[in-house]
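> Fold the following for me, if possible:
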Amino acid sequence: MPLNSQKNLLLTYLLRKKVIRKAQALLITVAILSVLAIIGFSLLLLSLYEVRYSRTYLDNVKAQYLAEAGLTLGRELLSQDKKENFSDSLEELFYTQLKGEDLDLDKDGVKESRYFEVKDSTGKLYGRFGVQILDEASKLNLNYCGEGSFRYGLDFSELNINSLFSFLGISKRASLIELRRGPDGKPGLKDYDDDSDNLILISNGIDNDLDGAVDEEDEGVDEPDEEGFGDDRLFLAPEEALEFLSLPSGLRFRNYFTVYSKDKELDSFGRRRIALSASPQDILMGFLNSGVRLPFQKAANFIDFQDKDLSQTVLDKFYKRIKPASSSGGSFRKIGNYFYAPKGGAPSTFRLQNLNIPDGEYFCFFYSPFEDLGIGYVSVQDIEDCDVYNGEGLYLPVRVEGGELEFSIKPFEDRDCALEYIEVVSPENREGLLHTSLRGRESLVINEVMVKPCLEFLVEESQNPGGSWVWRSGYYENKDLASGLKGEGRWVFSVGRRGYFYIKFFANIAGGYIGDVVISGKSLKGVRDGMVFPYPVYIDGDLLIKIQNNSLTEVSTFKKIIVSQEPDAEFIEILNIAPKEIDIGNFSIGLTQEEGAVLGWPAIIPQGTVIRPYEHLILAIDKDDRSPPSYLKGNGISFQESWGTKAVQLEFSGKIEGCDDIIPNSSATIVLKNPQGEIVDIVEYTSSQIKNYVSLERSDPTLFTDVDKDGVFDGWFFSEAEAKATPSEHNDNSGIKEIDPQTLEVFYHNVREQVVLNQPLINIGYAEKIPSGFPWKRFSLRDIALLSDRFTSFVKPLGISSFVEGNFKEEDDGFFSSHKGEWGLWRFSNILQGSYFLKILAQENGSSVSIAVRTKEAETFDYLGPFYFHKGCVYYGNIEIGSEGSLEIKIRNEEDTPLKIINFILEPKFIARGKININTAKKEILALLLPSNSDIISQRPFGERSKRRLGIGDLLETSALGSTEFQKINNFKLICPFITTRSDVYEVITEAEYLGVRAVKHRLEAIIER
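Numbering: from 1, shown residues only. A predicted model of the protein is given here:
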């Protein structure tokens, strides 16, 4: 190839290579620019996305803040309501102010909440939120319900969850109750007494395990209140149950079910409720603070109705009665010794002056002279418009200062009112107050006493005995000395009774000569005033007596005779008003008079003596003429000969030989005691109450009538039976008769109208069985309405199985000691933090112990005491359980006497979980309590219908539970432990909407305890 061609090719190659390089550079540049453009565009898009994301996030945050504002509003409304109201209902501000038609927050298909709008500083709508508050106490607590079929008002397991499932259309794949109770399906550990209360429950007369049988051997094993022990696992949230259930479409489970509801066991005034089994003093204060009529008597009866022992409770009452002298203003006008005002009148002011009692707080009770008239609305100091009926008191004590007390009374709108006097009362002794003691009613009653089975016959002029006997205005006289048969007089007395009798003779003067007496062929020479014919005389209607004056020196006089079966036919009748038989063997009967014990007493009731329910058991001086004191044997006179019924022979420990008046014919006191020496019943009679051959009888056997205010029953009635006594039979006297004021028909009461169970109350509703202190009346609906918010049946028995060490000896039913210095230590755990009252139960009485209590290891463990058991109880006092939940109790026996510890009890529980608020619950929930609940819904709210703030007691003041008293109290008994009118835990639901470029919503659900 030519050189030029080669050069040209080379040049072309070089040029092309240069061009290619430039093109490559350009391409690289373009590529770089493209990548940069893509990066820039991506950054732009990312920036735009970040802006949008940030804006969305901010909108969500703003929506969340709006929702939290809703929560804050709900919390503040609840807090404010707690300060202002003492019961909770659907009429509270936190319900009414949140209602509307904008939102359906609880997803029940009904819009029932309103929007609250939020605007910015320019007035532009910024966002809005709605709030709904649901009461957790309006729902069924999954941990406090059951599947049982028996209803007593005892335990939450009576609330059958399956009924609610069926009503709501929920189907279940497993039993929630069995799941809750763990693998063994039983409360606590199966076949194990987790709470160590079997000993108590097997004899308390209650079906504690809700199986339809009462007091089985294993009554306290696997009963419902053991839930939470052993392998049990309570639900921690309602949603845990959902995996075992199938819900119908649209049903929000949490609208009907909860695990959070609880009641703090405070009454409407914020006072800690009192346990039904509390100390006598606490129970008395509960009655005084409730304002019930006869608070001391009712409290004593309330205590004795429940305790197992047969020892009477005695409560001391210190009081002063004041009659107002005048009133000012208003409608009350003085009429005689009382003030009267027509219904609907204006309030009047009363000022009591010169009371002559120390300054301080007193309970005030108001009395009208007429049972059917009210007192009115009483206002005094911090108490305003308290409705008071005859005999009732105020719900708080009032303060007396400077011997003065001022109050006003506004008459009721529906009845006339009258005021006779006010009674200021104190449970403590204070200067200027009178004192009396009120005794509770135990099941054993001294029901009838035959004091003087004698008939007295005065001689009469019409008898005309003949012989040398001359009538001398009240007696016969024979001055014909040694006149013998010629001067003999004959008297015939119509006795009207059949049997053998003692005959006692009386002259005109003490110690005077009567003569030689012949009766039924038997004679007694030289009879003087006061002498008894030595031979019991058989009488069948009439009695013929012949008397001669055979004295050479003395004039005969004859004034009267006493035909007597004393002491053989004397008797004391004991009545059992318990529905079970009672072993009264080794009980004692004692008689005393002012100068001391009566000769021969006390007597012992034979071992093995059992008195059946409502049996009238006769305690005889001489049962059958074979086994009494020797001097009364074989004389033809005995209880069975005189009265014809069976009896128990008393065993006299003292000497009574020759005594012809064992039950004295003058004032005396009769005491029935148990083998421990405690008083079961005590009565007295006076000389003025004694009648010949007429027994003294009780009317209502539960009535405590104490005319002379010495703390002993003396309200006897004379027997009106044909035989003038009713041994072994129902009493027959004016006190058991009642006349219908409209029909004038006479109604006879029966002792079976009254009962003393000597067993714990299931709940306060069962107090309707307790004698009221009024004749033939039990606690009224009004009584229970006033008391129901003050008392609780929720206590915590600790049992005795937590014994750690000591020389107390374990027995089947407790831990036993018999020697001074022996001690035992019990250690308990898992107790809810709070304040409690410690009570220790024992089977033996009269023992004294020292007690040491410790709730923290760092605390000292020193003994306090001695404490004395009374009625099987020692009341240690208040203790504080800390966050550790532990308690140690050490007991030391301080006497060489038997002591058996059977239980430790903390009362009341700090919290009662699962109660249902009747003011807020839906009809489906109320149906678990009562199938027919429309009246509850239509008449609520309850709790503050009056200034007394009766809580659930308001139900009994309305027709919500029925139209009759029977319906009301029976429905109340079934539900009262499970209901409340106060709530403390709420579900707050809020949904907020932020109105930015686009609407953003946020929903919050929270459980709030206020």
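> Packing partners of the one helix or strand in the chain whose mean pLDDT sits lowest?
Sorted by mean pLDDT, DSSP states H and E, the helices and strands of the chain end with helix 198-201, the least confident at a mean of 72. Packed against helix 198-201 by the contact rule (3 or more CB pairs under 8 Å, 6 or more residues apart in numbering; DSSP states H and E) you find strand 899-907. Yep, even glycine has a C-beta here, placed from its N, CA and C like the rest.
> distance between the strand it packs on and the chain's centre?
For strand 899-907, the gap between its own C-alpha mean and the chain's C-alpha mean amounts to 20 Å (CA atoms, centre = their mean, to the nearest Å).
> what does stretch 820-836 give?
Taking the mean C-alpha point of stretch 820-836 and that of its whole chain, the gap between them comes to 26 Å (CA atoms, centre = their mean).
> would you put the C-alpha positions of it in PDB?
Below are the C-alpha coordinates for stretch 820-836, written out as PDB (Å, rounded to 0.1, in the frame of the first residue of the first chain):
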ATOM      1  CA  LYS A 820     -51.100 -21.900 131.400                       C
ATOM      2  CA  GLY A 821     -48.100 -20.800 129.400                       C
ATOM      3  CA  GLU A 822     -48.900 -23.000 126.400                       C
ATOM      4  CA  TRP A 823     -48.700 -21.100 123.100                       C
ATOM      5  CA  GLY A 824     -49.200 -21.400 119.400                       C
ATOM      6  CA  LEU A 825     -48.100 -19.400 116.300                       C
ATOM      7  CA  TRP A 826     -50.100 -19.000 113.100                       C
ATOM      8  CA  ARG A 827     -48.700 -17.400 109.900                       C
ATOM      9  CA  PHE A 828     -50.900 -16.200 107.000                       C
ATOM     10  CA  SER A 829     -50.100 -14.800 103.600                       C
ATOM     11  CA  ASN A 830     -51.700 -13.400 100.500                       C
ATOM     12  CA  ILE A 831     -54.000 -11.100 102.400                       C
ATOM     13  CA  LEU A 832     -55.300  -8.000 100.500                       C
ATOM     14  CA  GLN A 833     -53.700  -4.800 101.800                       C
ATOM     15  CA  GLY A 834     -56.000  -2.700 104.000                       C
ATOM     16  CA  SER A 835     -57.600  -2.100 107.400                       C
ATOM     17  CA  TYR A 836     -59.200  -5.000 109.200                       C
END
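> now that stretch: mean pLDDT?
Stretch 820-836 carries an average pLDDT of 86.
> quick one: buried residues of that stretch?
Within stretch 820-836, the residues scored as buried using 16 or more other CB atoms under 10 Å are 822-826, 828, 831, 834, 836.
> Quick check: the two most widely separated of these?
Using CB to CB, the buried residues of stretch 820-836 span at most 32.0 Å, a distance reached by 822 and 834.
> ok, back up a step: the buried residues of stretch 820-836 into a markdown table, with extra columns for distance to residue 361?
Compiled in a markdown table, the buried residues of stretch 820-836 are given as follows (distance: CB to CB, whole Å):
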| residue | distance to residue 361 |
| --- | --- |
| 822 | 44 |
| 823 | 41 |
| 824 | 41 |
| 825 | 41 |
| 826 | 39 |
| 828 | 37 |
| 831 | 34 |
| 834 | 27 |
| 836 | 26 |
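> Let me have these in a markdown table, adding secondary structure and distance to residue 201 as columns.
As requested, the buried residues of stretch 820-836 are arranged in a markdown table below (DSSP: H, G, I helix; E, B strand; the rest coil; distance: CB to CB, whole Å):
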| residue | secondary structure | distance to residue 201 |
| --- | --- | --- |
| 822 | coil | 27 |
| 823 | strand | 27 |
| 824 | strand | 22 |
| 825 | strand | 25 |
| 826 | strand | 19 |
| 828 | strand | 19 |
| 831 | coil | 20 |
| 834 | strand | 24 |
| 836 | strand | 21 |
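> Lovely, talk soon.
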